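>>> Let's see this in three dimensions:
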Amino acid sequence: NLQEDTMGKMQAENPDSKVIRPQPGMCVKTHSEPSKHKVFVNICQSNSVPPPPELSREELVELLQSEDPSGYRVPMSLGEPHTEIDNSSQGCTAYDVVINQDFFQKCQKDPLFQQFVILVSLEGLENKYNLELSRDWKVLKNRKFLGSVGEQSIRTKSRPGIQELQPQPEFTLLVEPPAGDPEYLIAEIKLPGVTSSRSLVLDVGEDRLVLTARPSLFHLDIFHPFLIDQENSVAQYNNSTQILTVTMPVVSS
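As a prediction, the model looks like this:
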């Protein structure tokens, strides 16, 4: 397939295709139910991921006690599973979750916030990959990451047992108007190397946006804290700037 070869070359010549390189944050050990298979969750930090709305400790306590804490959303990027070897040479699965760096730092200072971040990370992975993860987790003291950081951002050649990971494109989320009640959420996604919108698969959920550029060029999966009108969302791809703009009317935030 000629097209895939040229894509590979463009990636090699185009250093921009390395997208975010999240910083390690903390590594959480848990297991999947009912198989008890070991799972490690690498919670990473990057300011390419937008921060969640401000949340005080009192609000967090209320949120954790409420029946439906899903009203508060933490934007996160959820990476594909990668197979790793743990310290007892057993195979295990690791997932990388990237959240906003400033929010991560804030959560490090308070055990309650730290617990909350772990909880939303596990829930995000459970929803995306249809898993059941034990809430009996443990934060590893002496390691912040299992595997090698940055695989989310680099297109690696497939090694046995490790999926070929698609880089996450750079994106910005804007709200229009900037002040007052938001009417539109606008996502601008940079897709260097994508020559036509025909290779894009975009799925707009009411609080989530999933984009794949084929053949396996980019993959983006973001949750945002708004409820949007899926029917009236519009996407436009500009071939010359190679930017995809998705305009989503906000129902409520």
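
>>> so where's the chain uncertain?
For the chain, residues meeting the criterion pLDDT under 70 lie at 1-20, 68-71, 148-167, 215-216, 253.

>>> now the strands: where do they sit in it?
Applying DSSP state E to the chain gives strands spanning 23-31, 38-45, 77-78, 82-85, 91-99, 138-139, 171-176, 184-190, 200-204, 208-213, 218-223, 227-228, 234-238, 243-252.

>>> Please render these as TSV that adds distance to V61 to the earlier fields.
Using the backbone N, CA and C atoms, a C-beta is placed for each residue, glycine as well. Below are the strands of the chain laid out as TSV (distance: least, Cβ to Cβ, whole Å):
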stretch	distance to V61
strand 23-31	22
strand 38-45	21
strand 77-78	26
strand 82-85	35
strand 91-99	20
strand 138-139	20
strand 171-176	28
strand 184-190	29
strand 200-204	33
strand 208-213	27
strand 218-223	23
strand 227-228	24
strand 234-238	39
strand 243-252	24
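
>>> Just put these in TSV and tack on distance to P52 and mean neighbour count.
Formatted as TSV, the strands of the chain follow (distance: least, Cβ to Cβ, whole Å; neighbours: other Cβ atoms under 10 Å):
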stretch	distance to P52	mean neighbour count
strand 23-31	15	20
strand 38-45	13	23
strand 77-78	13	22
strand 82-85	26	16
strand 91-99	8	22
strand 138-139	20	12
strand 171-176	12	16
strand 184-190	14	19
strand 200-204	20	15
strand 208-213	14	20
strand 218-223	10	21
strand 227-228	15	20
strand 234-238	25	14
strand 243-252	16	17
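
>>> nearest to L60, of these?
strand 91-99 (14.9 Å; Cβ to Cβ).

>>> quick one, that closest one and strand 38-45 angle?
For strand 91-99 against strand 38-45, the angle by axes from the mean of the first three to the mean of the last three Cα atoms, to 10 degrees is 20 degrees.

>>> Can you list the helices and strands that strand 91-99 packs against?
strand 38-45, strand 77-78, strand 82-85, helix 111-129 (3 or more Cβ pairs under 8 Å, 6 or more residues apart in numbering; DSSP states H and E).

>>> Can you tell me the strand partners of that strand and which way each runs?
Using DSSP bridges, strand 91-99 pairs in its sheet with strand 38-45 (parallel), strand 77-78 (antiparallel), strand 82-85 (antiparallel).
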